[in-house]
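> Generate coordinates for the sequence data below:
(one chain, ligands or ions: 1)
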Amino acid sequence: GLFRSCFHSSAVTQIKQLGVVGAGQMGIGIALVGAKVAQLPVKIFDSNPEQIKKGLKFVDELIGKDVSKDRITEEEGNSTKKRITTVTDISELSDVDFVIEAVSENVDLKRKIFENLDKVLNKKSILATNTSSISITKIAAATKRPEKVIGMHFMNPVPVMKLVEIIPGLTTSDETLNITKKLATSMGKTCTQSQDVPGFIANRLLMPYINEAIIVLEQGIATREDIDTTMKLGTNTPMGPLTLADFIGLDTCLAIMKVLHNELGEKYRPAILLQKYVDAGLLGKKKGEGFYKY
Ligand code: CAA
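Numbering: from 1, shown residues only. Sure, this is the predicted structure:
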């Protein structure tokens, strides 16, 4: 059922090796799921060896937990680890057929990486970006293969969250779209498809919801606990909007709201209180404090 819902075409080439650009939280999560669930050889590129070291340690920990919880055998754990290799020079990605870029949300950086990937990779290879807010069409235009560029937006933490939003750009081919859906499915994810518009589906809905919760707090309509409890118990979500904002990071929430505001208009203006928390360095769980203390 999963497979059918995501995938409609027979025009598919086999992906033999996956590349991941960026060994941060998202990149490592994507690499792990590629190696463990899709069982593909995965090559991670990051120019920073320290970041790679940190990433591989995290992979070891997550696989170790899977083994200790009897979800996979020790042998499967070891073969998953063996499928993951790392490189510190982008040209070493030349033999991958599908690459997923997961570096920080900076349009110039992403365009530069795509320009380089385009030069290095086989002409048939597909280039996907894990951006949550940058135009796929704009990133694609940095390459000479815009029909082979696509958005693949994973949710954080990647190994836990079941969704991938797939975003074809203006010139993405149906073949690229179908191969990408097939890959996401083989990684155990359910995919949804969105047009290339600011925020796609998830952040278009989620960020104004979080922002409105912050405005409700700012206006003194309710306490932070009552806002969260109302939504948690009143709408059956695992956590309320202010807690979720702390988990995502208030800097990330603000950056995405700014994109929505700039591109879609006044309705999406970021809450003043959100800006204040970011200015104060209270960025949420990762900093030990946001709307709550951790
Ligand atoms: N990587 C891999 N696995 C992780 C992880 C990570 N970074 N963080 C937690 N997990 C795993 C844990 O290892 C644990 O696995 P086991 O069952 O094997 O032990 C499992 O998740 C549950 O973790 P815990 O019980 O320790 O912790 P928790 O109660 O905090 O639950 C969570 C973890 C389910 C991820 C929870 O924190 C959560 O729901 N967070 C919000 C997730 C979310 O909504 N993400 C989407 C944000 S929006 C987005 O990503 C879009 C965007 O562009 C901003």
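> how deep is M161 tucked in, by neighbour count?
Using other C-beta atoms under 10 Å, M161 has 12 other residues around it. The way it works is simple: take the backbone N, C-alpha and C, and place the C-beta from them, glycine included.
> Would you mind naming what in this protein lies close to the ligand?
29, 62, 65, 69, 132, 155-157, 159-161, 202-203, 206, 238, 244, 247-248, 252 (C-beta under 6 Å from any ligand atom).
> taking those one by one, which sit in helices?
The helices, defined by DSSP state H, take in 29, 62, 65, 202-203, 206, 244, 247-248, 252 from the residues of the chain next to the ligand.
> In those residues, find the pair that's most separated.
Taking C-beta to C-beta, the two most distant members of those are K65 and N203; they sit 29.3 Å apart.
> Those two: which is more packed in?
Using other C-beta under 10 Å as the criterion, K65 and N203 rank with N203 on top: 22 against 11.
> what sits against the nearest residue to the more buried one once chain neighbours are set aside?
Closest residue in space to N203, ignoring its immediate chain neighbours: I256 at 5.2 Å, by C-beta to C-beta, 6 or more residues apart in numbering. With contacts defined as C-beta atoms under 8 Å, 6 or more residues apart in numbering, I256 is in contact with 132-133, 199, 203, 207.
> now, which of these sits nearest D97?
Relative to D97, and with distances defined as C-beta to C-beta, the nearest of the contacts of I256 is S132, at 24.6 Å.
> follow-up on the earlier one: gap between the residue nearest to N203 and L205?
12 Å (C-beta to C-beta, to the nearest Å).
> Now list whatever residues contact both of these two.
Joint contacts of I256 and L205 (C-beta under 8 Å, 6+ apart) are G199.
> Tell me where the chain has helices.
Here the chain has its helices, by DSSP H, at 2-6, 25-36, 49-68, 74-83, 107-120, 136-140, 174-186, 202-218, 224-234, 241-248, 250-264, 272-279.
> Pull out the buried residues from the longest one.
By neighbour count on 16 or more other C-beta atoms under 10 Å, the buried set for helix 49-68 is 51-52, 55-56, 59, 62-63, 66-67.
> Out of these, flag the one nearest to the ligand.
Among the buried residues of helix 49-68, L62 lies closest to the ligand (C-beta to the nearest ligand atom), at 5.5 Å.
> Wait, the closest one touches P159, no?
Yes: applying C-beta atoms under 8 Å, one finds L62 in contact with P159, separated by 6.4 Å.
> what residues are shared contacts of these two?
By C-beta under 8 Å, 6+ apart, the residues touching both L62 and P159 are L32.
> For this protein, give me the ranges with low pLDDT.
Flagging of the chain using pLDDT under 70 yields the residue ranges 1-13.
> In stretch 242-258, which residues are buried?
Using 16+ other C-beta under 10 Å as the test for burial, stretch 242-258 gives 242-246, 248-258.
> Sorry, slip of the keys, the one I care about is stretch 16-28.
So for stretch 16-28, counting by 16+ other C-beta under 10 Å, buried means 17-23, 26-28.
> Between all of those, which two are separated the most?
Farthest pair in the buried residues of stretch 16-28 (C-beta to C-beta) is Q17 and M26. Separation: 19.5 Å.
> for the residue nearest the centre of the chain, what are its contacts?
Centroid-nearest residue in the chain, with C-alpha atoms, centre = their mean: F154, separated by 3.4 Å. For F154, the contact set (C-beta under 8 Å, 6+ apart) comprises 26, 29-30, 102, 130, 161, 163-164, 189.
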